[in-house]
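Asks: just need the structure, nothing else, for what follows:
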Amino acid sequence: MAKAIEKPKMAGKATVFINARIVDPASNRDEPGGLLVKDGLIADVGGHLRRNAPDGAEVIDCKGNVLAPGLIDAQVFTGEPGYEHRETLKTASHAAAAGGVTTMVVMPDTNPVIDQVALVDFIQRRARDNALVHVQTMAAMTKGLQGEEMTEIGLLKRAGAIAFSNGRSSLANTRVMRNVLNYAKDFGALVVHHTEDPYLSGSASMNSGEVAARLGLPGSSKLAETIVLERDVRLVEMTGGRYHAATISCRDSLDVVRNAKARKLPVTCGVSINHLTLNENDIGPYRTFFKVRPPLRREEDRVAMVQGIANGDIDIIVSSHDPQDADTKRRPFAEAADGAVGLETLLPAALRLVHSGDLTLLAVLKALTVNPAKLLGLHSGRLVKGAIADLVLFDPGEPWVVNKDLLRSRSKNTPFDEARMQGRVLRTVVAGETVYEYAGVERT
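Replies: Numbering: from 1, shown residues only. Purely as a prediction, here's the structure:
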């Protein structure tokens, strides 16, 4: 049975992982070895621990499976506070632990919106009391996510906000966006933006083009994404503020980011696992679990996203975990809510690209560990002495079939339902303590 363990506490004993395939993108390490954990930190790592355990240490035999830094998911929508029927911090953390995610960054799209110091503190206290994994908070950059008035960026950052976003909505007011970047720069804060012109995307249901026309659905051009991204890059050039495009989805947007980086601007970008592994054809007969934002694009754009990870132009991969209940998903496609859960399927879906030969394991894990750690200023995402012992042990070859009813998320809107996966998380360790362990039989 898969076991959910209580919230981790700092370990008082030593634990050694032997007979592992150590994969650490931060050091380009991919070799047989072992890892020693003591007091919640990595005490030693290397080939000399492959078969040798220090006296008195608890021994975990990895049986040749991959031991890597715990995943960092930089875009997780939850329902707490306000929409707990969709997801709570507790249920999201259980899904994260089962997916090898040891740190999740929650978005400000709640009710009330996370736009005040008291709400940042609320999330931190709720996470401390209920979550199995580390929880970081991304605060709103405009009050109520309305795009009209800036929040108190300095106070929110001091309270613990790790970055600032307008959530699922794009900030259409250019003056406000310029001011946000200016003020964020003063406090060394990261601005994360969903790039989609609301006037061009409007009530669109999917990517515009032949498939949308065939299905009779209103489409959204990729220009709605690229135009906003181009504007934002100009504003970054003007202000010098740190900027991250949350989830790009097309080749044109990738070109914009690549050009910005070539000009040494402080611009980064992410892509969701959905846009790396799925395309608009997967919508098929109006399957609403494939309705996400930004919409799934053409196959050429999906391939461009994969190439962007391979060459480093795209910095991070996120699950874009966005739980929606049956009442909002089981509707006609044009009326259904956007969003898909993804914490638990993030790693196995990404491993599809490794098994297909499109990406190396190091490239995938780099975008899931050390890169988001660097972006967000976290002291995790790497296997080095003294680092926090956030780890994932997984078998990259074990086949299994996704059953949405067995997912730990409170909502079940996964586009990967009944999909065949190859690669399963066996153990997740947070601060030296096991928070998830798979023992061969999935729970019922």
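Asks: low-confidence stretches in this protein?
Replies: Residue ranges of the chain with pLDDT under 70: 1-12, 440-444.
Asks: which stretches of it form helices?
Replies: For the chain, the helices defined by DSSP state H cover 89-98, 117-130, 153-159, 174-186, 198-201, 210-215, 223-239, 251-262, 273-277, 299-311, 326-329, 346-355, 361-368, 370-376.
Asks: for Val106, which of those is the nearest?
Replies: Set against Val106 and scored by CB to CB, those come closest in helix 117-130, at 6.5 Å. In this view, the C-beta of every residue, glycine as well, is placed from N, C-alpha and C.
Asks: tell me which of the helices of the chain lies nearest to Pro108.
Replies: Using CB to CB, the helices of the chain put helix 117-130 closest to Pro108, at 8.3 Å.
Asks: and that closest one, what other elements does it pack with?
Replies: In this structure, helix 117-130 makes packing contacts with helix 89-98, strand 134-140, helix 153-159, judged by 3 or more CB pairs under 8 Å, 6 or more residues apart in numbering; DSSP states H and E.
Asks: how about the contacts made by Ala20?
Replies: Residues near Ala20 by CB atoms under 8 Å, 6 or more residues apart in numbering: Pro32, Gly33, Gly34, Leu35, Arg50, Cys62, Gly64, Asn65, Val66, Leu67, Leu393.
Asks: distance-wise, check the closest residue to the first one other than its chain neighbours relative to Asn65.
Replies: In other words, Pro32. With sequence-adjacent residues excluded and distances taken as CB to CB, 6 or more residues apart in numbering, Pro32 is closest to Arg50, at 5.3 Å. According to CB to CB, to the nearest Å, Arg50 stands 13 Å off from Asn65.
Asks: name the residue in those two with the higher neighbour count.
Replies: Asn65 (20 against 17; other CB atoms under 10 Å).
Asks: still on that earlier bit, so who does the residue nearest to Pro32 touch?
Replies: Ile18, Asn19, Ala20, Pro32, Gly33, Gly34.
Asks: again, only using 10 Å
Replies: Phe17, Ile18, Asn19, Ala20, Arg21, Ile22, Glu31, Pro32, Gly33, Gly34, Cys62 (CB atoms under 10 Å, 6 or more residues apart in numbering).
Asks: and Ala326, how many neighbours?
Replies: 10.
Asks: just checking, it touches Arg410?
Replies: No: using CB atoms under 10 Å as the test, Ala326 is too far from Arg410 to be in contact (11.3 Å).
Asks: hmm, back to that, of the contacts of Arg50, keep whichever come out buried.
Replies: Taking 16 or more other CB atoms under 10 Å as the criterion, what is buried in the contacts of Arg50 is Phe17, Ile18, Asn19, Ala20, Arg21, Ile22, Gly33, Gly34, Cys62.
Asks: could you identify the most distant pair in the residues you listed?
Replies: Ile18 and Arg21 (11.6 Å).
Asks: what touches both of the two?
Replies: Here Ile18 and Arg21 share the contacting residues Pro32, Gly33, Arg50, Cys62, Lys63, Leu67, scored by CB under 10 Å, 6+ apart.
Asks: how about the contacts made by the first one?
Replies: Pro32 sits next to Ile18, Asn19, Ala20, Arg21, Ile22, Gly47, Leu49, Arg50, Arg51, Cys62, Gly64 when contact means CB under 10 Å, 6+ apart.
Asks: you'd agree Thr288 is up against Asp327?
Replies: No: if you go by CB under 10 Å, Thr288 and Asp327 don't touch, sitting 11.7 Å apart.
Asks: the more surrounded of those two?
Replies: Thr288 (23 against 9).
Asks: what's the neighbour count on the closest residue to the more buried one other than its chain neighbours?
Replies: What sits nearest to Thr288 in space, not counting adjacent residues and going by CB to CB, 6+ apart, is Ala336, at 3.9 Å. Ala336: 20 surrounding residues under other CB under 10 Å.
Asks: Ala336 contacts Asn413, doesn't it?
Replies: Yes: counting by CB under 10 Å, Ala336 touches Asn413, with 9.4 Å between them.
Asks: joint contacts of the two?
Replies: Shared contacts of Ala336 and Asn413, defined by CB under 10 Å, 6+ apart, comprise Thr288, Phe289, Phe290, Lys291, Gln324, Thr328, Lys329, Arg330.
Asks: now, which of the residues you listed sits nearest Thr226?
Replies: Of all those, Thr226 sits closest to Lys291, with 21.0 Å by CB to CB.
Asks: quick check, the closest one in contact with Arg330.
Replies: No: under the criterion of CB under 10 Å, Lys291 makes no contact with Arg330, lying 11.5 Å away.
Asks: who's more crowded, these two?
Replies: Comparing Lys291 with Arg330 by other CB under 10 Å, the one with more neighbours is Lys291, at 26 against 12.
Asks: which residues does the more buried one contact?
Replies: Per CB under 10 Å, 6+ apart, neighbours of Lys291: 205-206, 217, 283, 324, 329, 331, 333-340, 413, 415.
Asks: now Glu299
Replies: The contact partners of Glu299, by CB under 10 Å, 6+ apart, come to Leu278, Asn279, Glu280, Asn281.
Asks: next: Leu365.
Replies: 23-26, 30, 66, 68-69, 71, 317, 347, 350-351, 354, 359, 371, 381, 392.
Asks: over to Gln307?
Replies: Contacts of Gln307 by CB under 10 Å, 6+ apart are Arg251, Leu254, Asp313, Ile314, Asp358, Leu359.
Asks: how about the closest residue to the fifth one other than its chain neighbours, what does it touch?
Replies: Going back to what we said before, that points to Asp358. Spatial nearest neighbour of Asp358, chain neighbours left out: Val306 (5.1 Å); criterion: CB to CB, 6+ apart. With contacts defined as CB under 10 Å, 6+ apart, Val306 is in contact with Val271, His275, Leu276, Thr277, Ile314, Leu353, Ser356, Asp358, Leu359, Ala363.
Asks: could you find the closest non-adjacent residue to the third one?
Replies: The one in question is Leu276. Met305 (5.4 Å).
Asks: tally of neighbours for the one you found?
Replies: 25.
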